[in-house]
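In: Coordinates for the following, if possible.
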Amino acid sequence: MTKYFTRLNYSIINKYLDRKQNGMLSLFYNVKIKSFIAVPKNIEHAALVAGLLNVSMGDIKNRIVDASYFIPVTLIITNNEYQSMIVGSSSLEMGLGVMHKKDDLINAKNATLILLERSPLKIKNNFKELVVMKYAY
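Out: Reported below is the predicted structural model:
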């Protein structure tokens, strides 16, 4: 199982890079503990959160268990530079209907920017940020 972290290093990047497509690194920001966790290449976001919470995906979908504090973050890396990030959209939202507080999405974006600034990779000059508000309340 993956571990939570507050610093992104080459070990994490190399292990989890190229999820679903070349250069993709998928993370969750846990708002409660202010830490990140990487999404393994062979597991969907929703399944990872269900496993972390030790519940079924049905429990999340039926809102028996709150998973709203897990904010998905997708990073695109090319030539050892961060090209872009998307915050707030994954199978957790699209498949299980999880919604997030707008403030949590903004906090996740800001925490991700700090994570990237402290990372061994560079942030591209025209770095693109997208916070998906479709799943926000």
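
In: now the helices for this protein?
Out: Chain-ordered helices for the chain, with DSSP state H as the definition, fall at 10-16, 45-53, 57-61, 91-96, 102-117.

In: wait, which of these is closest to Gln83?
Out: Go through the helices of the chain one by one with Cβ to Cβ and the one that ends up closest to Gln83 is helix 102-117, at 11.0 Å. (C-beta placed from N, C-alpha, C; glycine too.)

In: tell me the average confidence for that closest one?
Out: The average of the pLDDT scores along helix 102-117 is 98.

In: Now do the buried residues in it.
Out: Judged by neighbour count using 16 or more other Cβ atoms under 10 Å, the buried positions of helix 102-117 are Asp104, Leu105, Ile106, Asn107, Ala108, Lys109, Ala111, Thr112, Leu115, Leu116.

In: How about stretch 49-64?
Out: Neighbour counts over stretch 49-64 (16+ other Cβ under 10 Å) mark Val49, Ala50, Leu52, Met57, Ile60, Lys61 as buried.

In: Isn't the second one up against Lys61?
Out: Same thing as Ala50. No - because the distance of 9.7 Å does not satisfy Cβ atoms under 8 Å, Ala50 is recorded as not touching Lys61.

In: coming back round to it: for the buried residues of stretch 49-64, which two are the farthest from each other?
Out: Taking every pair in the buried residues of stretch 49-64 and measuring Cβ to Cβ, the maximum separation is 15.8 Å, between Leu52 and Lys61.

In: Give me the distance between the residue nearest to His45 when sequence neighbours are not counted and Ala46.
Out: For His45, ignoring the flanking residues on the chain, the nearest one in space by Cβ to Cβ, 6 or more residues apart in numbering is Ser90 at 3.7 Å. With the distance defined as Cβ to Cβ, to the nearest Å, Ser90 ends up 7 Å from Ala46.
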